[in-house]
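>>> Would you be able to build a 3D model of this:
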Amino acid sequence: MYYLILHVVVVVVCALHILLRRHRQPESRMAWLLVVLILPYAGALAYLLFGQTSVGRRRVARLKSDFSGLPRPEAAAGWAAPENAADLKPEYAPLFRVGQSISGYPAVGGNAAVLMESPDVAIDEMVAAIDAARDHVHLLFYIWLDDHNGRKVAEALMRAAARGVVCRAMVDDLGSRALLKSALWRQMTAAGIRTRSALRIGNPFLRVLNGRIDLRNHRKILVIDNSVTFCGSQNCADPAFLPKAKYAPWVDAVMRFTGPVVRENQHLFASDWMGNGGDDISALLAVPMSPAVPGFPAQVVGTGPTFRNSAMSEMFTSLVFAARRTLFITTPYYVPTPSLQQALCACAARGVDTTIIFPARNDDFAVGATSRSYYESLLEAGVKIHEFQQGLLHTKSLTMDGEITLIGSANMDRRSFDLNYENNILLQDAATTAAMRARQEQYLAQSSPVLLEHVRDWGPGRRLWNNALAIIGPLL
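Numbers count the residues shown, from 1 in each chain. Below is the predicted model:
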């Protein structure tokens, strides 16, 4: 009798919490309700650990306060006036308004970008930029490994600190846990680099009582002297990526930006740094801007659990609906919202040349299977799907109509949509978009097409596996 009463209480309490929670997608509510009904005790524990999207009330308050309290980039003396973004075409302006509605950063003209030739070249360019720094270096990575590339960046920071440059380095507390315990990290701190970890876990048993452990800072940001920033998918590591070497090489894309958009990335870094206990660097945001120069419009799009709910999926969906001629996407992880899946199908159905490349071998088996559960609907609508064969394609990129590019850290999955802190840059420029599209075509040459008849020939076992794992997708 007591067991039955406890059973009912657990189910009812969890069900009420699931149904009363704000900003929960209906399919997510249904999935959690089924889990709790079928496995009440294990389901209730799973919901406690993984059903929330909070990093803790105090932490949320601090992160929001630091973000909103910082001097705005556009308030700096010499910030490019709105008319300097006149090259922004009217048909694309709504896309940048979506981005601004998420994190507040406006589209701004006067920017330039160079796509790095390879992941190793990207690290070399970062090192060169750090070696040229005269005032400060700000760096944030989700994963930073103590390997060849990781050490090159660490040594460059130590050289910069030795010559009086103020260096601030931050890593995610979970993603870079090995580095945080390493002699290299202690050596960096001893060399005068100001180091922090983002979203510190502490005691995991206590942390689960005040927010999810797996809500992480997935951003990759490097800002130097308020004048240069790097943005892309690459962590601070070798392409061999030793923790998951069997999927190597990890194939990434990074761009080096100059112009006012650098200040927006600086603002985003500052909010992370100060929100995670770092010293006050707000004065750097008020330093007068350099004189404006010709360049393209661009905008930082920062998302995360303390920003608008499902903001990143809104950004992706808006871009897909805006495509009129071509849409080319690369993403390693695809667990879409219903609206994003429908937008992609509608995009191809209205005649837009729509191509997506996924990795053939995914380091996350559940995400890989879930992605394939969506293949048939995409192919039926006319989306061209290819699977990358030469390692793990980790690049998160979108090009549209020969003029729009989105590059950064966000995947097309529920984790990037609702759980992780992400940073991307949206830009309008034919030349930069052509360079990114050429890189996507290189990926395409190393990929194999997925044909509709092949997907329809999958046996019941494979379909059962893919579709069963897809049910887990909404369990956030």
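
>>> Wait, residue 388 touches residue 331, no?
No: between residue 388 and residue 331 there is no contact under C-beta atoms under 8 Å: 10.7 Å. C-betas here are computed from N, CA, C, even on glycine.

>>> Need the overlap of contacts for these two.
residue 358 (C-beta atoms under 8 Å, 6 or more residues apart in numbering).

>>> Tell me which residue is most central in this structure.
residue 410 (2.5 Å; C-alpha atoms, centre = their mean).

>>> what sits against that residue?
By C-beta under 8 Å, 6+ apart, the contact list for residue 410 reads 218, 303, 312, 316, 396, 416, 420, 422, 423, 424.

>>> contacting residues around the closest residue in space to the last one that isn't next to it in sequence?
Yep, that's residue 424 we're talking about. Sequence neighbours aside, residue 408 is the residue nearest to residue 424 in space, at 2.9 Å (criterion: C-beta to C-beta, 6 or more residues apart in numbering). Each residue near residue 408 by C-beta under 8 Å, 6+ apart is listed here: 220, 231, 232, 233, 301, 396, 422, 423, 424, 425.

>>> Throw the residues you listed into TSV and include distance to residue 370 and pLDDT, thanks.
Output for these, formatted as TSV (distance: C-beta to C-beta, whole Å; pLDDT from 0 to 100):
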residue	distance to residue 370	pLDDT
220	24	98
231	27	98
232	25	98
233	20	97
301	25	97
396	17	98
422	19	97
423	25	97
424	22	98
425	27	98
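
>>> of all those residues, which comes closest to residue 363?
For these, the closest approach to residue 363 (C-beta to C-beta) belongs to residue 233, at 13.7 Å.

>>> residue ranges with poor pLDDT in the protein?
For the chain, the stretches with pLDDT under 70 are 1-64, 66, 81-86, 202-214, 472-476.

>>> run the last query once more with 50
Residues of the chain meeting the criterion pLDDT under 50: 83, 476.

>>> sorry, back to before: now, of the contacts of residue 408, which are buried?
Buried members of the contacts of residue 408, scored by 16 or more other C-beta atoms under 10 Å, are 220, 231, 232, 233, 301, 396, 422, 423, 424, 425.

>>> ok, the fifth one to residue 467 distance?
Read it as residue 301. Distance, residue 301 to residue 467, by C-beta to C-beta, to the nearest Å: 32 Å.

>>> Got the domain ranges for the chain?
The record's domain parsing of the chain by automatic domain parsing lists 2-50, 57-86+110-295, 311-470.

>>> Can I get those domains in TSV including distance to residue 93?
Shown next, in TSV, are the domains of the chain (distance: least, C-beta to C-beta, whole Å):
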stretch	distance to residue 93
domain 2-50	27
domain 57-86+110-295	9
domain 311-470	9
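
>>> so which of those comes closest to residue 96?
domain 311-470 (6.6 Å).

>>> What separates the first and last residues of the closest one, distance-wise?
For domain 311-470, the first and last residues are 22 Å from each other (C-alpha to C-alpha, to the nearest Å).

>>> Return the residues in contact with residue 179.
By C-beta under 8 Å, 6+ apart, the contact list for residue 179 reads 144, 145, 146, 150, 171, 185.

>>> ditto for residue 125
116, 230, 256.

>>> How about residue 173?
Going by C-beta under 8 Å, 6+ apart, the list of residues near residue 173 reads 180, 197, 198, 199, 200, 201.

>>> Could you do residue 178 as well?
Residue 178 neighbours (C-beta under 8 Å, 6+ apart): 145, 146, 243.

>>> Narrow those residues to those in helices?
Among the contacts of residue 178, no member is found in helices (DSSP state H).

>>> Format the residues you listed as a markdown table; extra columns: distance to residue 455 and neighbour count.
Below are these laid out as a markdown table (distance: C-beta to C-beta, whole Å; neighbours: other C-beta atoms under 10 Å):
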| residue | distance to residue 455 | neighbour count |
| --- | --- | --- |
| 145 | 36 | 22 |
| 146 | 42 | 18 |
| 243 | 31 | 12 |
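
>>> would you list every one of the helices in the stretch 101-250 of the chain?
119-131, 148-162, 177-180, 183-190, 204-207 (DSSP state H, counting those that start in this stretch).
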